[in-house]
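J.: only geometry, no sequence info:
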């Protein structure tokens, strides 16, 4: 029997109506510069689109030339609601958005399910937004693709890196890491902190990225470990915060977009 993971934050983090959602994503992408080679991996934020959508679009715009070539997306996001050790798979066959169903790559899932740090845990996916908010952007820029969704709990960089290495593939496979940056500092303090985190990402300084620097620290550092070993280049393509998009300057959340080539 086919099982699906239905949207949990549609109508809250992004529009539930497909036409409205398309218009919003199209507007975000329209303000982003999409020049350069198609990246192998990206890091993009996962807040409500009114806050982080334009920053996420700065990375997603770079993927447009990959439409038809990228056929599989490995998507890792941090857990926000359920505490657990390791990385959590979903038992769902499809993830659903207002744009339709995305098939889960069952062959890839079975490949990594053998690892001791990976397990099926639907509770980790049920209400998690860090994976979900990226799916409409991916559907908009890539069209059809299969998905390997992983919610990351308490996991060391090497444990995440082992999963990524098994699924790395070639130009048909895209790696997406979901992470916001600093949380609830004043505007100027957040800018300083987030610039330092961005520099650490570009220089692959895993030891300098802590939980209060990036909520997706664990998947981010796993990607950095693999990317450093493979000689990829990391570039910051956008760095703003909620004070720049739709919030006050008193307590902001930082958002960065990064590409790995």
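T.: The structure has been received and is ready for your questions. No experiment lies behind these values; they were computed from the predicted model shown.

J.: which other helices and strands contact the longest helix along the chain?
T.: In the chain, with assignment by DSSP state H, the single longest helix is helix 187-202. If contacts are counted by 3 or more Cβ pairs under 8 Å, 6 or more residues apart in numbering; DSSP states H and E, helix 187-202 sits against strand 234-241, strand 252-260. The C-beta positions use only the backbone N, C-alpha and C, and glycine is treated the same way.

J.: how close does the residue nearest to residue 139 when sequence neighbours are not counted get to residue 3?
T.: Of all residues beyond its chain neighbours, the one nearest residue 139 is residue 99 (4.5 Å), with distances taken as Cβ to Cβ, 6 or more residues apart in numbering. Distance of residue 99 to residue 3, computed by Cβ to Cβ, to the nearest Å: 19 Å.

J.: Between those two, which is the more surrounded one?
T.: Each of residue 99 and residue 3 had its neighbours counted (other Cβ atoms under 10 Å), and the higher figure belongs to residue 99 (15 against 11).

J.: The more buried one contacts residue 17, doesn't it?
T.: No: using Cβ atoms under 8 Å, residue 99 is not in contact with residue 17; the gap is 10.9 Å.

J.: between the two, what contacts are shared?
T.: Shared contacts of residue 99 and residue 17 (Cβ atoms under 8 Å, 6 or more residues apart in numbering): none.

J.: Next, the buried residues of stretch 152-172.
T.: 152, 153, 155, 157, 159, 160, 161, 162, 163, 164, 167 (16 or more other Cβ atoms under 10 Å).
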